[in-house]
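1. Attaching a predicted model along with its sequence, questions to come.
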Amino acid sequence: MPSAPSGPRPFNRIPALAVALVCVLFLISCTTMKKPTTTPGLRSEQFTWRTARGATQYLLHLPKDYDARSGRKWPLMLFLHGAGERGTDVGKVAVHGPLKHVKQGKDFPFIIVAPLCPAGEQWANGPLLQLLDEIGRKFAVDPGRVYLTGLSMGGYGAWFLGLAHPERFAAIAPTCGGGNIISVTLAQHYESKRFAAMKGLGVWAFHGAKDTTVPLEESERMVNALKRAGCTDVRLTVYPNTGHNSWVEAYEDPALYEWLLKHER
């Protein structure tokens, strides 16, 4: 039987050549690849929810003249997005609402935190309070000027969180959402401390009269329940020719932000 030829076989060189080619292509791609761009005024942070829901992210806006070393305390706005923005792409929390305007170059006089709700989930009070606590530890937040707003599913989240823990907020602004009036009734008759905080809470709700996704009645019954209970700093703005996207007009109105800043807990 003839012996096998000595020396390296031609096909043994193929893996080495392939590896070399891959390395060259990688180096070329590294020199031509664009660096990821970031939106001025916005940054993404990771937040681990101390529940079974695991980790998620949030977008953060710091005012241009924010300086933690100055000793100045800043108002904080918590913004809750709608159901359509849930998932794993934290950039979607800036599709609507205040952060949309930050992307367009507006500088708000607030620290704004906008968490991302995981797919298939709804806003839950516990994790949101944990997030507020974390932001309060990490940044120069004025605890007496914390504001809450949200749209659609986030509007519901704002109603539920704001009325369950009114002592945490100076004012809330739910947009095209709704809540549970039993929270007002229970506070009024059985929870004097929470009810006292609720009566001191500023509430400005927004809704479109032609909203077929979340009916106008959802906002009306919450506002009416608060007024019946004796809460006086409560208002509802109805846009007569607007459907579900009433957040467009609400968050474009400078009066909303001026109104929030007038409130202090």
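-> In hand now; what should we look at?

2. Just the pLDDT for the residue nearest to residue 193 when sequence neighbours are not counted.
-> In space, and not counting its chain neighbours, residue 193 is closest to residue 167: 7.9 Å by Cβ to Cβ, 6 or more residues apart in numbering. All C-beta atoms are positioned from the backbone trio N, CA, C, and that covers glycine. You'll see residue 167 listed with a pLDDT of 98.

3. quick one, phi/psi of residue 167?
-> Main-chain dihedrals, residue 167, degrees, to the nearest 10: phi -70, psi -20.

4. Wait, it touches residue 194, no?
-> Yes: applying Cβ atoms under 8 Å as the test, residue 167 and residue 194 come out as touching, 7.3 Å apart.

5. Which one of these two is surrounded by more residues?
-> Neighbours per residue (other Cβ atoms under 10 Å) separate residue 167 from residue 194, with residue 194 holding more: 18 against 12.

6. which residues sit in contact with that one?
-> Applying Cβ atoms under 8 Å, 6 or more residues apart in numbering to residue 194 gives the contacts 166-167, 187.

7. Can you mark which positions in the top strand by length along the chain are buried?
-> Scanning the chain for the strand with the most residues, using DSSP state E, yields strand 141-151. If you call a residue buried by 16 or more other Cβ atoms under 10 Å, then strand 141-151 has these buried ones: 141-142, 145-151.

8. One more: stretch 62-81?
-> Within stretch 62-81, the residues scored as buried using 16+ other Cβ under 10 Å are 62-63, 74-81.

9. Residue 121 and residue 86 touch, don't they?
-> Yes: counting by Cβ under 8 Å, residue 86 is a contact partner of residue 121 at 6.7 Å.

10. Looking at these two, which one has more neighbours?
-> residue 86 (20 against 14).

11. doesn't residue 123 make contact with the more buried one?
-> No: counting by Cβ under 8 Å, residue 86 sits too far from residue 123 to count as a contact (9.9 Å).

12. how about the strands in the chain?
-> So, for the chain - with DSSP E - the strands run 42-48, 55-61, 74-80, 111-115, 141-151, 171-175, 202-208, 234-239.

13. Can I get the ones you listed in JSON lines including mean pLDDT?
-> Formatted as JSON lines, the strands of the chain follow (pLDDT from 0 to 100):
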{"stretch": "strand 42-48", "mean pLDDT": "74"}
{"stretch": "strand 55-61", "mean pLDDT": "89"}
{"stretch": "strand 74-80", "mean pLDDT": "98"}
{"stretch": "strand 111-115", "mean pLDDT": "96"}
{"stretch": "strand 141-151", "mean pLDDT": "98"}
{"stretch": "strand 171-175", "mean pLDDT": "98"}
{"stretch": "strand 202-208", "mean pLDDT": "98"}
{"stretch": "strand 234-239", "mean pLDDT": "98"}
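
14. could these go into a markdown table alongside distance to residue 159?
-> A markdown table is the format used below for the strands of the chain (distance: least, Cβ to Cβ, whole Å):
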| stretch | distance to residue 159 |
| --- | --- |
| strand 42-48 | 22 |
| strand 55-61 | 20 |
| strand 74-80 | 10 |
| strand 111-115 | 17 |
| strand 141-151 | 9 |
| strand 171-175 | 5 |
| strand 202-208 | 8 |
| strand 234-239 | 12 |
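
15. Select, out of the ones you listed, the one closest to residue 259.
-> strand 202-208 (6.1 Å; Cβ to Cβ).

16. can you list contacts of that closest one?
-> In contact with strand 202-208 (Cβ under 8 Å, 6+ apart) are residues 155, 162, 170-177, 214, 216, 218-220, 222-223, 226, 231, 233-239, 241-247, 249-250, 256, 259-260, 262-263.

17. Of the residues you listed, keep whichever come out buried.
-> Buried members of the contacts of strand 202-208, scored by 16+ other Cβ under 10 Å, are 155, 162, 170-177, 214, 216, 218-219, 222-223, 226, 231, 234, 236-237, 239, 242, 244-247, 250, 256, 259-260, 263.
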